Every structure is written in structure tokens, then in C-alpha cells.
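> The following comprises the amino acid sequence and a computationally predicted model.
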Amino acid sequence: PKGTMAFTGKYEFEGDENYDAFVQKIGLPSDKVEMGKNCKIVTEVVQNGNDFTWTQHFPGGRTTTNTFTVGKEADMETMGGKQFKATVKMEDGKLVADFPNYHHTAEICGGKLVEISTSSGVVYKRTSKKIA
């Protein structure tokens, strides 16, 4: 089927837009804001059909892992470390999820991982390049 295994890989942060405005909007604590600012987050994605393991490796050794199946409710963790339940959907090859205070999409575009989070009209875009 089209789109299978499209996400699998390791991606390194390349650049973002509107980070400050977005994290203010979602109320991210200032220590977390600094941690996420221009930091070389490596996102590792393992896709097996509709099952995903999505791990973010932060400098300094901290990691966050979300495991989910498209179309099924899963326990997830936000940027700020809050636990919540979400159902990730696949729409036109994009992964789409509603976090507690933002809407998130992820897609592979020209070999890059492009993630867009929207909260109250503020659009945060993060691009990561494939490294493995």
C-alpha cells in the first residue's frame, strides 16, 4: 500500500519557524522552552504498517517516546512532558493528532520530516533532515 514505511528513519533538527510564539501560546515552562530552542533534537521513527514508535532524543540524553497505532487511542506525552490520550489519524499521507492544546501534523516531504503544530492561530513549523 502507498505510504507504508514512508516515515521510518532518523531525522536531525534543521530549522523551525514561530517557536517562541508557539511555546508561549501553549504555556510551556521556561526551562523547557530553553531546552527546545534551536537544539539538535534527533527524531527516530519506526513505522510498521499502522504501528509507530516515535522517539525524540534531546541533547543531554533525555528521550521521549510515543508509541501509537493509526486510528486507535494511545497514551502520549506532550513537548512539556504531560501525559494525555490521543488518536493519531492518517490523512493524505500525513500523521494528524490533536494534542491537549495544539493540533499536530507530520509528513515526509522531499526526504525531510516536516512537523506543523497549530495553537490558536499560531503555526509552528519544524523541519528535520534525514540522517539515517
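Received, thanks. Residues are numbered from 1 along each chain as shown.

> Look at the nearest residue to T8 once chain neighbours are set aside and give its secondary structure.
Closest residue to T8 apart from its sequence neighbours, by CB to CB, 6 or more residues apart in numbering: Q47 at 4.7 Å. From N, CA and C alone the C-beta is placed, and that goes for glycine too. Here Q47 is strand, with the state taken from DSSP: H, G, I helix; E, B strand; the rest coil.

> Going forward, count from 43.
In the new count, where the first residue is 43, that last one comes out as Q89.

> Give me the secondary structure label for E76.
helix.

> separation between E59 and P142?
Distance check for E59 against P142: by CB to CB, to the nearest Å, it reads 22 Å.

> ok, now D117?
13 Å.

> where do the contact lists of these two overlap?
Contact criterion CB atoms under 8 Å, 6 or more residues apart in numbering; residues shared by D117 and P142: F126.

> surely S170 meets E54?
Yes - using CB atoms under 8 Å, S170 and E54 qualify as a contacting pair, with a distance of 5.8 Å.
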